Every structure is written in C-alpha cells, then in structure tokens.
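> build me a structure from this.
(2 chains)
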Amino acid sequence: MYKAVEESIRKALRHHIRERYKTDVPVVTERPPRLSMGEVASPVCFELAKRLKKPPRALAQEIANGIKPIPGVARIEVAGGGYLNSFFDRAAFFRGACEQAGAKPMAAPPDAPKVVVEHTSINPNKAAHIGHLRNAVLGDTFARLLRHTGRRVEVQNYIDNTGVQVADVVLGFLHLEPKTPGEIRALAAEPKFDYLCWDLYTRVTQWLAGDPTRLTLRAQVLKDIEEDHGSAAMMAEVVSTAIVRCHLVTLDRLGISFDLLLRESEILRLKFWDTAFALLKQHGAIQLVSSGKNVGCWVMQLPQEAVKPAGAEEAAEEEPSELAEAKIIVRSNGTVTYVGKDIAYHLWKFGLLGRDFHYRPFHTHLDGREAWTTASEPPAESAGTPPSFGRAHEVYNVIDARQAYPQQVVAAGLRALGHAREADRLKHFSYNVVALTPRCAAELGYDIPPEDAKKAHIEVSGRKGQGVKADDLIDRLEASARQEVTERHPELAGTFEGHRTADAISKGALRYFLLRYTRSTVIAFDFEDALSFEGETGPYVQYAVVRVNGILRKGAEKDPAFEQAESANQARLERGEIDVAKYLASPGGDDIWELALLAGSLGGRVDVAVSAQEPAFLARYAFELAQAFNIFYHKHHILSETDAERRTFLLRLTALVRQQLVAALGLLGISAPEKM
RNA sequence: GCGCCCGUAGCUCAGCUGGAUAGAGCGUCUGGCUACGAACCAGAAGGCCGGGAGUUCGAAUCUCUCCGGGCGCGCCA
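Alright, predicted model coming up:
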C-alpha cells in the first residue's frame, strides 16, 4: 500500500513540474526522518532550483500551492530548505492495507518467462556445514521472494557427483577403509553416513599429503568416475547419491526444497559437453594452445574489459605471450574443467544447447514438492511425466563471492557464442562466507595460530574436517528450543505440538540468523549468537505473532457475547461505518498510525529486497514490524478497551499486523507456532 | 603486482541510486509482570562514520589518495 501512494506522489510531482516549468527532473522520494514530517518527502526542488535558478523553498511553496490533490494524500507541506512533505490520508491507507493483506498474491501464469535459481550445490561427499546453509537459506528465500512477486521460478541444485571431492572419498574406501561397493551400499543406508564420509575425507586429505605419488591414484579414480568405468565409478554413484539424500534430509529440516537436482554425471554421459565443445570451437570462442605452459590445452581468451576495467594495456604489451586472462577449458589430457562443464550447463539452462536430459523423480520434500533428478536413460513409464525444466529467461546463481571469476568466464563463454542477452540475464547472486569467531574455533578444539586469535573471524578448512556441521547445529538449536518451550509450557513436554513448536523456533532462529546479515558481510559464527532467541532474532518475530494469537484467543474465550458483538462490529468496520480516522489522527494516534503504516509497507519492502537481491532487507522488515507491534502492545490494552468501536479498530489493526508478520515470516521460510 | 569486498557505539551489524538531529541488537547500568504471555517494554550511558583531500547548497553515502583487514587471480571446484 505504501508503495502505491508513494508512486502516485512521484507521478503527480513529475506531471505537475513538467506542466508548470516545462522541464523533466528525476523525482526522488524518501522517508522523512520523523513522522511529524509526513510519510513521503521529496527533495526534488533542490534539483529544480539549480535548473531554474530560483530558490528551492519558493519553488516548493509554489508547487505545494498549485498541485492538484493526490489520491491517498491529505496534504503537502513545505519544510526545511525546500522539502515537499506529503501527509497520507491515514484512514484510507489503513482500509487499503487491510484490503491488500487479505488478497492472495498472484501466481505466475504457466507460460510466464521462467527464472531459474540455482543454489546449495554442495559437493556430495560429506555432511553439510553452516556455510552451505547460508547458501541454501539465501537461495530458498530469494526464490520465495521471486514467486511472491508473481514470477515463475524453478529451483535447481547442481550435484557435482563426478568431481575430485567425491573421488577422494572413493579413494578412502579403496585404500584406507577397503570396502566393496556392496559394503558401501550397506554403510550408506546407516544413519549419519555423511558424518562418516566427513571424517574419511579428512583422513584421505592427510593421506594424500603424506605421499604426493598417491595423487596419481586419485587421477585414475577421477578418470574412472568421469568415464563411468569400473568399481570406482560404482562406488562414486553409491556414495554421492547417499550423501545427496543426507543433504536433502538436513535441508528439509529448514524447509528448503528443489525442483531439480542436476547431476554432472548426466552432463558427461549425455555428451552435453561434446555439443558445447563443438559450438565453442565453431565460434572461435576457444583456442588450442600450441606453445607455452598451456600447450595442448583449449583456452578461452577473456575480453580484457570484461575482467579489468581499464589501464591494463601496457601490461599486455610488455608480455604479449603471457595471455594472463586465458582460462583453461579443456586440459592437455583432453578432460574438461569445471568451468567448461558449467558453460555446457548454462547453455542448457537457457535452452541454447538443443539437447535435454531424461528425468526421474528423486525425493518428495516435506512441503509435498517433488524434486526430480536427471537421468541418462528414459525412465520407466510409471515414473510419471516430468515438468519442463530449463529454458530460463533469467538465471540467478547463488554462489559464494570467491567464485566471481569463474562466473565471469561462464558469462563470457555465452557472449562468445553470440548469446549476449542471456549473458546479461545470468546473475551471480554473490554472498560472503561463514567463518568462525576465534572463540568458537577454540571451543571446537581447533588449533588457532596466535596471530589468528585476535582476528574478528577465521576461516576454517573443510579438508581438515573443521567446521560446524549443519545437523549438529540444528540439533543443538532444537534441544535448546525444546527446553525453553518446556519451561514455559510444561503441558507440552513430549507432545507432538511441543515438538512442532520447538521445531519452528529452532528453524526460525537459524534461518533468521543466516538472513539478517547482508550478502557481502562475512558472518562470524558463534554458538552464542546463533542460539539466541532474544533481540533481533527469528523467535522475537514469532513471539509477536504468538502474542496476537493470545489476544485473539482470549477475546473469544472471554464471553460469548463479546465475540458476537465483536464480529458485528468488524463487519461494520469493513463497510466503513466505523470512523477509524479519529483513532489514527495526530497527535494522539501517531504511535498507532506508525504501526499501521509499517504494516502496510510489506509489498514495497519485498520489491526492494528483490531488486537489490537482498533477503536481509525483508528480515529487517519483519523485525521492525514485530518491534513496532511490541511497543504498541505495551502502550494500548486492547481487550479492556471500553470504547467498543475503538476496540474493534484495535483488534482489526492487530489482525492486520498478524497477517503481515505471518506473510513476511513465510517469505523468510519461517512459520509461527500458535503458542511458544 | 592486478581485481573484488570490507573498515560506522565496548561487541555484532544496518544505513551507501547524496538530503533534515547517524540507527538496531547484544553487553553495561536503572526501572516495569494481581490488566491481552516479561522470548517483552521504558530509560541512561556509549560515535572526529579508518586518516586526508576533492566535488556539492548539502557527504557515512560520490571521486582520488593513503592506512588497516579479507578474498580471488590453479591443466581444483
């Protein structure tokens, strides 16, 4: 509702200025610092003053006097050196906000341009850790935001089941813990197989470091896996599939789901790379190197300006043979690099490869969504008809900031093949890593060099087996939430509702914790912060909803007459028979108005969060609204309000706040329990 | 060396398409549960927005420069 009024103010100002002063100035608007200055302010007269060589304040006065009434705006005032401050029609805003909150968000038509969001993409060789969760939660939340704004969204999870990391675990099962594929299959069916592989992977890393000649063993295993040959390939299939299932179970605990798990093995087996390779050669996008250190490789020469802004020419002249920005796509032994496979994948994502996978259903998420996976053979008829995957109009890749360079290479590859528009629609949804505070690292028993102990955060090595495992963290959160719930509601201990409540709280705490930081911030993880249920946290927001639940429940329980009279009054309110303006009027109604205004701002905040690709903005909004409600709650007692019409109004406002809080939490992937 | 990100209250972070008195959470101190749930609220203390220069009517925000930190520049992914 806020954005609608704001937009009509902008439009009216633009129109009026054009008519009266025959000039077009960009009309910017902002929230004034205090409510007494209105709801929307525009400093447009400062800019206009420059062009017309007139004092800004006089211009502002002229405009305020001359402009036609704007729908939703009660009046316009001049303030400061020349601000135009608009004051909303508060009652109209409140009615509009209630109406909009009740409306269902539009769903995308089936033929709408598709947005593909790729996220999570964890190497399927060990348990998921906290860093993976940041990726998954960011991607999942962003997908929810996109859907909410009416876009058709497909969520993909890339499974690198033929890479070095899987090869390392296979190496472990071949040489450190010798197992047959059958034995591995049995192990993989046990719980916590991902934990077992976590430890094995660490040992393999040490084992490889102990004797560099063992790297040739790894190279052989990797080749076998890539070529789908021998027992190593079978083991890789068993291990990676089992680990993917572990990951999905972990992610289901946080309400994260996928439409498609796209496996690298199918890119290889269906020869997608061969098609992409031919295209790249045909367009001259890659060259075979005939001399120098990269001899025998196929490389992509990045346009300088794509990577470097300017001023790099001298360096290139000094060493013309260096070709520093050449990226190897095919190794001299003929195998393709990760970036090469990624180019093939992205050609397919945009529907530019002219090929498609086979598909089979793989996993039913807790929310009922079916995740499909790729297959190299057509599945049996009984598998059902897969949805149409790929053919994206726009792609968001949720990938950490360290991989910015390979992402640029993929875009450059598309561009070199003549797909400049698709390259522009390929967005790297970049975020920074999750590190540990030195205290947390010490708590986990890692050796911290003294020079690191002073740092704000330290990155830990997954290869060394360091890091906070996702399931461990969720377990701790659940235990802690269960304890809190049991303390407050002993009757819920051990019940299904008690379990579900603790589940919602722990999920809310963790998802909010990972979402409250903007993407570029390195999260310094600490159990104390992550386990907190107070202050700027998910449970704080959930608690506000629970409070509303309590009020509405108590109101109904109070006495039968109350509910009857109340619902009659609510109907009168809907029909506009109750004058709400006087409850919102300044100055007495200012604090209530502030809450109503914020409650009516959800849509605008979602739009900003989507265009900035910043889910943290919505997390902040949810917190602000919860906080505003808590302040209101302490100031105004609702159920004991003696003026029946005013009570009806306060109850409607409370219900509106609940609708918006539930909606905002839902977009963050968090649910609010009835009690907590 | 080149490129990207960051430096704001004791701590962790918002604010950065320039705009009015720079905000929040945590922590500290002081208050508030016999009225709808205290996972809450009220109040206090706490800031040369890393330093310097520039652009501007106006800079935490834009430009340059320096200082301090993180990351990337692999025939790994």
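> so how far is A:Leu353 from the closest residue to A:Ala108 other than its chain neighbours?
Of all residues beyond its chain neighbours, the one nearest A:Ala108 is A:Arg152 (3.8 Å), with distances taken as CB to CB, 6 or more residues apart in numbering. No exception for glycine: its C-beta is placed from N, CA and C like everyone else's. Counting by CB to CB, to the nearest Å, the separation of A:Arg152 from A:Leu353 is 21 Å.
> try A:Gly334
Using CB to CB, one gets 21 Å for the distance from A:Gly334 to A:Leu353.
> more neighbours: those two, which one.
Applying other CB atoms under 10 Å to A:Gly334 and A:Leu353 shows that A:Leu353 carries more neighbours, namely 18 against 9.
> so is that one in a helix, a strand, or just coil?
The local conformation at A:Leu353, judged by DSSP: H, G, I helix; E, B strand; the rest coil, is coil.
> just checking, it touches A:Thr275?
Yes - with contact defined as CB atoms under 8 Å, A:Leu353 reaches A:Thr275; the gap is 5.9 Å.
> list residues touching both of the two?
Shared contacts of A:Leu353 and A:Thr275, defined by CB atoms under 8 Å, 6 or more residues apart in numbering, are found at A:Ala344.
> backbone phi and psi for the residue nearest to A:Ala108, please?
Its backbone dihedrals place A:Arg152 at phi -90, psi 120, with angles given as degrees, to the nearest 10.
> what about it, neighbour count?
For A:Arg152, the count of nearby residues is 18 (other CB under 10 Å).
> repeat for A:Glu77
The criterion is other CB under 10 Å. On that basis, A:Glu77 has 15 neighbouring residues.
> just the pLDDT for it.
With respect to pLDDT, A:Glu77 scores 93.
> helix, strand or coil for it?
At A:Glu77 the chain is in strand, as set by three-state DSSP.
> now do the phi/psi pair for the residue nearest to it when sequence neighbours are not counted.
Across the structure, with CB to CB, 6+ apart as the measure, the residue nearest A:Glu77 apart from its sequence neighbours is A:Asn85 (4.9 Å). As for A:Asn85, its main-chain torsions (degrees, to the nearest 10) stand at phi -100, psi 130.
> from A:Ser42, how far off is A:Asn85?
With distances taken as CB to CB, A:Asn85 is found 8 Å from A:Ser42.
> neighbour count: the two, which is higher?
Using other CB under 10 Å, the more surrounded residue of A:Asn85 and A:Ser42 is A:Ser42, with 24 against 20.
> that one and A:Leu13 touch, don't they?
Yes - applying CB under 8 Å as the test, A:Ser42 and A:Leu13 come out as touching, 6.1 Å apart.
> got any residues that touch both of the two?
Taking CB under 8 Å, 6+ apart as the contact rule, A:Ser42 and A:Leu13 both touch A:27, A:84.
> straight-line length of stretch A:668-676, end to end?
End-to-end span of stretch A:668-676 (CA to CA, to the nearest Å): 19 Å.
> tell me the contacts of A:Asn518?
Just to correct that, residue A:518 is Thr rather than Asn. With CB under 8 Å, 6+ apart, A:Thr518 has these contacts: A:614, A:616.
> could you check the pLDDT of it?
The confidence metric pLDDT takes the value 96 at A:Thr518.
> and it, what element?
Secondary structure from DSSP states H and E places A:Thr518 outside every helix and strand.
> same thing with A:Ala628?
With DSSP H and E as the criterion, A:Ala628 is inside helix A:615-635.
> for the residue nearest to A:Ala108, which residues make a bridge with it?
Beta-bridge partners for A:Arg152, by DSSP bridges, are A:Lys114.
> look up how far RNA strand B lies from it.
Separation of A:Arg152 from RNA strand B (CB to the nearest atom of the strand, to the nearest Å): 27 Å.
> do the same with A:Tyr446
According to CB to the nearest atom of the strand, A:Tyr446 stands 15 Å off from RNA strand B.
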